[in-house]
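Enquirer: Give me a 3D structure for the following:
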Amino acid sequence: EYLCAEVLELAGNAARDHKKSRITPRHLMLAIKNDEELAEYMKGVTISMGGVLPNIHSVLLPKKSKAKKNKEAAPSQEY
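Expert: Residues are numbered from 1 along each chain as shown. Purely as a prediction, here's the structure:
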């Protein structure tokens, strides 16, 4: 009973964060994977239609270039 209440509370919070009024399998999956203890408890569980956690590896992100710094330092040409 406690476990069910915990998962539903976290899934309800995830649904509210996405401005939805219904809890979907996606919200259940996000709730479980974002909670450390629940993720460990349900590490072998597959939730149908749950999707994956949003994650972009840092190597794939665009690098901050020095060109941005030069643009910021240049005076504005607006009058």
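Enquirer: helices or strands next to the helix or strand hosting Met29 in the packing?
Expert: Element membership for Met29 (DSSP states H and E) is helix 25-34. Where contact means 3 or more C-beta pairs under 8 Å, 6 or more residues apart in numbering; DSSP states H and E, helix 25-34 is packed against helix 2-17, helix 36-41. All C-beta spots, glycine's among them, are computed from the backbone N, C-alpha and C.
Enquirer: what does the longest one rub up against?
Expert: So that's helix 2-17. Ser21, Arg22, Ile23, Thr24, His27, Leu28, Leu30, Ala31, Ile32, Asn34, Asp35, Leu38 (C-beta atoms under 8 Å, 6 or more residues apart in numbering).
Enquirer: if we go to 7 Å?
Expert: The contact list for helix 2-17 (C-beta atoms under 7 Å, 6 or more residues apart in numbering) reads Arg22, Ile23, His27, Leu28, Leu30, Ala31, Ile32, Asp35, Leu38.
Enquirer: That helix to helix 25-34, inter-axis angle?
Expert: 110 degrees (axes from the mean of the first three to the mean of the last three C-alpha atoms, to 10 degrees).
Enquirer: circling back to that earlier point, narrow the contacts of helix 2-17 to those that are buried.
Expert: Buried residues within these, counting neighbours by 16 or more other C-beta atoms under 10 Å: Ile23, His27, Leu28, Leu30, Ala31, Ile32, Leu38.
Enquirer: Go ahead and produce PDB holding the CA coordinates of the helix holding Met29.
Expert: Extracted as PDB, the C-alpha positions of helix 25-34 are listed here (Å, rounded to 0.1, in the frame of the first residue of the first chain):
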ATOM      1  CA  PRO A  25       2.900   5.100 -18.300                       C
ATOM      2  CA  ARG A  26       5.400   7.800 -19.200                       C
ATOM      3  CA  HIS A  27       4.700   9.600 -15.900                       C
ATOM      4  CA  LEU A  28       5.100   6.400 -14.000                       C
ATOM      5  CA  MET A  29       8.400   5.700 -15.700                       C
ATOM      6  CA  LEU A  30       9.700   9.200 -15.000                       C
ATOM      7  CA  ALA A  31       8.700   9.000 -11.400                       C
ATOM      8  CA  ILE A  32      10.300   5.600 -10.800                       C
ATOM      9  CA  LYS A  33      13.600   6.400 -12.700                       C
ATOM     10  CA  ASN A  34      14.000   9.800 -11.000                       C
END
